[in-house]
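Peer 1: Fold the following.
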Amino acid sequence: MHDLQRRPKLSRHLWVIYLLSVTLLGFIWYFQWMLGLLMALLLAASIYYSIRTERTLQNETEEYIATLSHRIKRVGEEALLEMPIGIILYNEDYFIEWANPYMNRFADEDTLVGKSVNTLSDDLTSRIKESKDELWFNVEGFEFQTTIKKEERLLYLFDRTTQSEIQTLYQNEQTVLLVIFLDNYEEITQNMDDTLKSQLNSKVTSVLNNWAHDYGIYMKRTSQDRFLAVSTKEILDQLEKSKFDILDEVRELNAEQNIPITLSIGIGLGSVELPTLGELAQSSLDLALGRGGDQVAIKDEAGKVRFYGGRTNPMEKRTRVRARVISHALKELVKESDNVIIMGHKSPDMDSVGAAIGILNIAKTNGVEGYIVLDPDDVDTGVYRLVEGIKEDEELWEHFIDPEESEAVVTSRSLIVVVDTHKPSMVSNQRLLSKSEYKVVIDHHRRAEEFIDNPTLVYMEPYASSTAELVTELLEYQPKSLKLKMLEATALLAGIIVDTKSFTLRTGSRTFDAASYLRSKGADTVLVQQFMKEDLDIYIKRSKLIERAEVYRDSIAISKGKPEEIYGGVLIAQAADTLLTMSGINASFVISERSDGRIGISARSLGEVNVQIIMEKMNGGGHLTNAATQIEDTTIDDAEALLKDIIEEYFAS
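Peer 2: Numbers count the residues shown, from 1 in each chain. A predicted model of the protein is given here:
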């Protein structure tokens, strides 16, 4: 093409030369006509030859251009019609006006013309309307990457099936590490003779080996109660589809005294190095055990966690030794701190306030100033009388500060003690958590995905009835230089009584031991009843809420408040407790609007239904028998519909 552009320029140059030659020839002719005649003949011959050559080149060029144009047009037609790229033109109504032959192969008839673009994919019309220039969808097993030209109403479809298959193969072959732990192996086998222990080991190992063989998992026993397994993402998907039925198989292996042994599995998943994968697996196992065991926790590289199992009541595994060790460690942390700042969850209950008072006593016993963070505007009717009783004790009340005051007394060496919760979003003042490196978490709830970052000491026992019970045990191993006041002991006992519903739920032998210790320190049960009294208006309001209950799935009571009628968290919790006492009811859910505009749900059960799992699906949490959640940007009716869908999903799994 470069030569073609230069040829016309060379021709003009020749004509300039010929013009100069004629001028020169005129001079020669004037002085020597014979020589001029000869030169004129030569010039004429040269001009004739040049013109002939020029015409020949021009004809050849035109022929070449015509041939090239034809070839380009033919290639364009073949590219449009024959290349393995789909091209579709659609009209304003998203019906196909034209499609190249490559796309017609996906038509039920000979052509796609005249059919809706939804013929290719059910939701393609709505996806084209979105503000995207590209989308992916599947047609008869082919994966297409589609470029959208909205102004031209044009789709370009590129076959990415092979690429997608390679990507799927890569994801399926990702390494997955599993850490398998027998939750209560030590407790079950500590009084067994060698024969029974050997039989139990043989049963458990046989079940796990068969399970691993069936799914193609490599598994190795690393200790009496721990196994390490290696799998792939594809196998993990199969395990998730089975809902990890290995949990049920192991639970059915009854040991001596008909006590079931349970299993917990921590799984690490992601495109990370093996050491990091191992850390994810161990972290998942810690999370599963912190939630009570008998379940599976799966954590990926992004920190997202999925849970399976956890439908049984956890057996008590706490020991006096652990309580003594935690108490000693807490004492050392208190002594090394500038001060101790204690806070529970927002809208505190009896357990939260009572446990905080117990930790305050530990601080004072060890000669360190302590403060309890309490928002006076966030006190519910359930603890109002307790707080009023504390105000009458000036020496005790001076240790209570509001969230803003707490930021004035905190230092980098303050000890932040969080009681009755482990979620940073639920504490009285979340900003305090970032102002000190030393943090202690004491809680009796099952561990959730959200957790306080880098705690110095964690004492979480989901087997305990209440945080007040845990704190009471810690008090027993503290120095006796400062006696527990009657009001302090009563507050701790009130926390235990409220959380156990007067020793009827989640009550173990250690619960009675803690209550007995508090009674010996002067706890007044009559005063507890005074604290727990309620107003007649609240009783009537709760009764109306109970009256609106309906029975769902034969044994589940669901009640919801009237729209725009506000109910407190304590009131709906009490309503759920009352519904649970009705004949034939195994679980209860109460839904109402809260003062903050969110929808609150309080859930209770007798153990057959794990309300914690149901509430976690709604971004809540709690215990197997006691849980709750708050939902934003929804209505009571929508919350009820969502709850019923999750209940159906729970029973279907």
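Peer 1: Show me what residue 427 is bridged to.
Peer 2: Beta bridges link residue 427 to residue 345, judged by DSSP bridges.
Peer 1: what's the model's confidence in whatever helix or strand residue 529 lives in, averaged?
Peer 2: Following DSSP states H and E, one finds residue 529 within helix 525-531. For helix 525-531, mean pLDDT is 90.
Peer 1: Need the contact partners of it.
Peer 2: 350, 383, 385-386, 389, 487, 490, 493-494, 497, 519 (Cβ atoms under 8 Å, 6 or more residues apart in numbering). In this view, the C-beta of every residue, glycine as well, is placed from N, C-alpha and C.
Peer 1: now the helices: where do they sit in the stretch 1-150 of the chain?
Peer 2: For the stretch 1-150 of the chain, helices defined by DSSP state H, counting those that start in this stretch occupy the ranges 2-31, 33-82, 101-104, 124-129.
Peer 1: which one of these has the lowest average pLDDT?
Peer 2: The bottom spot among those, by mean pLDDT, belongs to helix 2-31, with a mean of 60.
Peer 1: Please identify which pair of the contacts of helix 525-531 lies farthest apart.
Peer 2: Farthest pair in the contacts of helix 525-531 (Cβ to Cβ) is 383 and 519. Separation: 21.2 Å.
Peer 1: Which residue of these two possesses the greater neighbour count?
Peer 2: Using other Cβ atoms under 10 Å, the more surrounded residue of residue 383 and residue 519 is residue 383, with 26 against 14.
Peer 1: thinking that one is in contact with residue 349, fair?
Peer 2: Yes. Between residue 383 and residue 349 a contact is recorded at 6.1 Å, counting by Cβ atoms under 8 Å.
Peer 1: hang on, the earlier thing: on contacts alone, who are the packing partners of the next helix or strand after the helix holding residue 529?
Peer 2: Sequence order places helix 536-547 as the next helix or strand after helix 525-531, per DSSP H and E. With contacts defined as 3 or more Cβ pairs under 8 Å, 6 or more residues apart in numbering; DSSP states H and E, helix 536-547 has these neighbours: helix 569-580.
Peer 1: next helix or strand past the helix it packs on?
Peer 2: Using DSSP H and E, the helix or strand that follows helix 569-580 in sequence is strand 587-593.
Peer 1: Please list the outside residues in contact with the next helix or strand after that following strand.
Peer 2: Note on strand 587-593: by DSSP H and E, the next helix or strand toward the C-terminus is strand 599-605. Applying Cβ under 8 Å, 6+ apart, the external contacts of strand 599-605 come out as 567, 569, 572-573, 575-577, 579-580, 586-594, 611, 614-615, 618, 620, 622, 624-632, 634-636, 639, 643.
Peer 1: Just give me how far whichever helix or strand comes after strand 599-605 sits from the chain centre.
Peer 2: Remark: after strand 599-605, the chain's next helix or strand is helix 611-616, criterion DSSP H and E. Remark: helix 611-616 is offset 15 Å from the chain centroid, using Cα atoms, centre = their mean, to the nearest Å.
Peer 1: Equivalent analysis for stretch 339-356, please.
Peer 2: For stretch 339-356 - counting by Cα atoms, centre = their mean - the centre lies 28 Å from the chain centre.
Peer 1: That stretch: end-to-end distance?
Peer 2: 14 Å (Cα to Cα, to the nearest Å).
Peer 1: Verify the stated contact: residue 488 with residue 390.
Peer 2: No. Between residue 488 and residue 390 there is no contact under Cβ under 8 Å: 9.3 Å.
Peer 1: more neighbours, the two?
Peer 2: Set residue 488 next to residue 390 and count neighbours by other Cβ under 10 Å: residue 488 wins out with 24 against 21.
Peer 1: Name the nearest residue to that one, ignoring sequence neighbours.
Peer 2: residue 357 (5.1 Å; Cβ to Cβ, 6 or more residues apart in numbering).
Peer 1: does the one you found belong to a helix or a strand, and which?
Peer 2: Assigned by DSSP H and E, residue 357 falls in helix 350-365.
Peer 1: Just checking: what are the partner strands of the helix or strand just after that helix?
Peer 2: Tracing the chain past helix 350-365, the next element assigned as helix or strand by DSSP H and E is strand 370-373. Using DSSP bridges, the strands paired with strand 370-373 are strand 340-343 (parallel), strand 400-401 (parallel).
Peer 1: Which positions within stretch 409-429 qualify as buried?
Peer 2: 410, 414-424, 426-429 (16 or more other Cβ atoms under 10 Å).
Peer 1: Sort out which of those residues are in helices and list them.
Peer 2: Judged by DSSP state H, helices contain none of these.
Peer 1: And those residues, which is closest to residue 288?
Peer 2: residue 422 (15.0 Å).
Peer 1: these two touch, right, the closest one and residue 443?
Peer 2: Yes. Look at residue 422 against residue 443 with Cβ under 8 Å: they come within range, at 4.8 Å.
Peer 1: so what sits against both of these two?
Peer 2: Common contacts of residue 422 and residue 443 (Cβ under 8 Å, 6+ apart): residue 460.
Peer 1: which residue is nearest the centroid of the chain?
Peer 2: residue 304 (4.4 Å; Cα atoms, centre = their mean).
Peer 1: Would you state the helices of the stretch 201-350 of the chain in chain order?
Peer 2: 233-241, 246-251, 274-290, 320-335, 350-365.
Peer 1: Mean neighbour count, these: which tops it?
Peer 2: When you average the neighbours per residue for each of the helices of the stretch 201-350 of the chain (mean count of other Cβ atoms under 10 Å), helix 350-365 leads with a mean of 26.
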